[in-house]
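Visitor: Sequence plus predicted model, see below.
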Amino acid sequence: MKIMKKQASVTIPNRYGNFELIAYSDDFGERMPHLVYIAEHTDFSKTINVRIHSECLTGDLFGSFRCDCGEQLDESMKYISKHGGMILYLRQEGRGIGLINKLKAYNLQDKGVNTKDANIQLGFKADARSFDIAVEILNDLGVKAINLLTNNPLKIDAIEASNIKLVKRIPLEIKPKTENKFYLETKRDLMGHIIG
């Protein structure tokens, strides 16, 4: 069994504040490690605010309006900078199907297919991500109880099935745009996301 290990860490100052950035992988030569971003004033003796965020290159880096991922990451950074906590940035692009297939799924969405069915038509699960890695990393960091910034029931289930106590869910709703309204409705209506 492969085990996630802390490979390197460094202090990163940015527009939100000072954070410790930790790279996790099961191999020190991994070029795409999972990342943990911890606000400098986080108190590990208390319940920790946690955002489990799956990589979304188009939203996180390029500011795409096709999804709400980049805006969720931005809101999480603001919240955690103010209240303490951490962001687990998991390298599972496109709900675990990778960037190339995510772009292919976008092409299907442009033809009217919803985001869930697009993944299925490409031969994948609707959501191929695993959040066990997040639990493993939280355990390695000694985290016992969390407030989870999420709308995703699968992330809630992963924590509730673990040895980590879920104290509360902190909603992370982003105002819909014309470009992502159908996407957000699909997440709510077909994937059970807890959004208005």
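Guide: Arrived safely, thanks for sending.
Visitor: Of all the residues in the longest helix seen in the chain, which ones are buried?
Guide: Assignment by DSSP state H gives helix 69-83 as the longest helix of the chain. Neighbour counts over helix 69-83 (16 or more other CB atoms under 10 Å) mark 69-73, 75-77, 79-81 as buried. Quick note: C-beta positions are derived from backbone N, CA and C, even for glycine.
Visitor: again with stretch 33-43
Guide: Quick answer for stretch 33-43 (16+ other CB under 10 Å): 33-39, 42.
Visitor: And for stretch 160-170?
Guide: 162, 164, 166, 169-170.
Visitor: What of stretch 115-122?
Guide: Those would be 115-119, for stretch 115-122 by 16+ other CB under 10 Å.
Visitor: and if you look at stretch 91-108?
Guide: So, applying 16+ other CB under 10 Å, buried residues of stretch 91-108: 91-97, 101-102, 104-106, 108.
Visitor: May I have the beta-bridge partners of the residue nearest the centre of the chain?
Guide: The geometric centre of the chain, computed from its C-alpha atoms, lies nearest to His53 (CA atoms, centre = their mean), at 1.1 Å. Under DSSP bridges, the beta-bridge partners of His53 are Tyr89.
Visitor: about what we covered before: in helices, which of the buried residues of stretch 115-122 appear?
Guide: 115-119.
Visitor: so Lys168 is in which element?
Guide: strand 165-170 (DSSP states H and E).
Visitor: Kindly export that strand (C-alpha atoms) in PDB.
Guide: This file holds the C-alpha atoms of strand 165-170, laid out as PDB (Å, rounded to 0.1, in the frame of the first residue of the first chain):
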ATOM      1  CA  LYS A 165     -14.800  14.300  13.500                       C
ATOM      2  CA  LEU A 166     -16.900  16.500  11.200                       C
ATOM      3  CA  VAL A 167     -18.100  19.300  13.500                       C
ATOM      4  CA  LYS A 168     -20.000  21.300  10.900                       C
ATOM      5  CA  ARG A 169     -20.300  22.100   7.200                       C
ATOM      6  CA  ILE A 170     -19.600  25.600   6.100                       C
END
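Visitor: tell me the mean pLDDT for it?
Guide: The average of the pLDDT scores along strand 165-170 is 97.
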